[in-house]
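K.L.:
What shape does this take:
(one chain, ligands or ions: 1)
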Amino acid sequence: MFRYEDLLKEVEEFKNRGIETGEIGYSVLNNPIPYIFIGDKKGDSIIVTGGIHAREHITSLLVVNQAKHLLKNPSHLIMGGIYFIPMVNVDGVKLCQEGVAFLEDKQIKKNLLKINSSADFSLWKANINGVDLNVNFDARWGQGKSNVFFKSPSNYVGKMPNSEIETKSLVHFTREIKPLATISYHCKGEVIYWRFFQKTKQQLWRHYRLAKSISEVTGYTLVASEAGSCGGYKDWCIQTMDIPSFTIEVGSDKYEHPYPYTDFNNIYNKNADIPRRLLNTVARDKNLVKQYEYNTAKVYEGGNTVSQTSEK
Ligand SMILES: [Zn+2]
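P.N.:
Okay, the predicted model is just below:
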């Protein structure tokens, strides 16, 4: 299992090799949320996140390994750089993997055990406040079909948009970096979500084309549904920042959560090079936007008939 402490060690190793590392902010329990930057600061950038849902910590291992992969092949990066944020929900991952044992505050422990109705937190998705960070962003907040309005292992939207410090940190960091695109890694289903009420046909067409390029490499299916999930990081990026953003659900539905690490190589092989490819595509692409012609038939193709219509 890939733990928060493993992440800190990996980040330290990047730092020792002269790679820029830092924090996007701190968690509820005041743990730093690290980032790793690889590439050229002068060029364009994208942001890649993992581990926003606690039980999907295999995505944290993926994002760290994507950073290592890029470091091994720096010449493949044509322009700009990539910010890797492997574990957004650092407290949640600790809770999911270790249960309440690591917590000092007895009241917090008691509350969490009550919310979870069990001492087994292996299926926990939320942060330490029982808020699901990926429904806490300010994008049609509270309108998702699975949303709940009480503290819960998953799907609780929080008291208000951006109520959680982890959400605020990612919002602030994204506003500062102004990436050309973002990828949010989740698990599971082998699908890619790319739509969220894009305002213009040109925007829709451009986002679709980028999503299609990721789909072609991973073999994952595009899902055009935009009604199921709201308040996610991808949703906020698209709606507020006008940034093409993709939720990539790695891993096959033939496995149950917690997702088996024995299948990690399968996930890695399909996704290792995705960040570099997306950065290069989107950087080349940005000057061509005006030339795009909207193609209704093609975008419609981006919607499909798979049963999974809300993000996991
Ligand atoms: Zn998820």
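K.L.:
need the contact list for Met160.
P.N.:
Trp141 (CB atoms under 8 Å, 6 or more residues apart in numbering). Every C-beta, even on glycine, is put in place using the N, C-alpha and C of the backbone.
K.L.:
ok, 10 Å please
P.N.:
Residues in contact with Met160, defined by CB atoms under 10 Å, 6 or more residues apart in numbering, are 136, 138, 141-142.
K.L.:
Distance-wise, check it relative to Ser213.
P.N.:
Distance, Met160 to Ser213, using CB to CB, to the nearest Å: 36 Å.
K.L.:
related to what we said a few turns ago, next, format the contacts of Met160 as CSV and append pLDDT, neighbour count and distance to Asn30.
P.N.:
Output for those, formatted as CSV (pLDDT from 0 to 100; neighbours: other CB atoms under 10 Å; distance: CB to CB, whole Å):
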residue, pLDDT, neighbour count, distance to Asn30
Asn136, 98, 31, 19
Asp138, 98, 15, 24
Trp141, 97, 20, 25
Gly142, 96, 14, 28
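K.L.:
Could I get the pLDDT score of the residue with the largest distance to the centre of the chain?
P.N.:
Most distant residue from the mean C-alpha position of the chain: Lys106, 31.2 Å away (CA atoms, centre = their mean). Listed pLDDT for Lys106 reads 96.
K.L.:
Put the alpha carbons of stretch 190-198 into CSV.
P.N.:
Extracted in CSV, the C-alpha atoms of stretch 190-198 (Å, rounded to 0.1, in the frame of the first residue of the first chain):
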residue,chain,number,x,y,z
GLU,A,190,-11.7,2.7,-17.0
VAL,A,191,-13.7,5.8,-18.2
ILE,A,192,-13.0,9.4,-18.8
TYR,A,193,-15.4,12.3,-17.8
TRP,A,194,-14.8,15.4,-19.8
ARG,A,195,-18.1,17.4,-19.8
PHE,A,196,-19.4,20.0,-17.4
PHE,A,197,-21.9,22.5,-19.0
GLN,A,198,-19.3,23.9,-21.4
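K.L.:
Could you see whether the ion lies near that stretch?
P.N.:
No - interface with the ion: stretch 190-198 contributes nothing (CB under 5 Å from the ion), its closest point being 10.6 Å away.
K.L.:
which parts of that stretch are buried?
P.N.:
190-196, 198 (16 or more other CB atoms under 10 Å).
K.L.:
Which ones among these map onto strands?
P.N.:
191-193 (DSSP state E).
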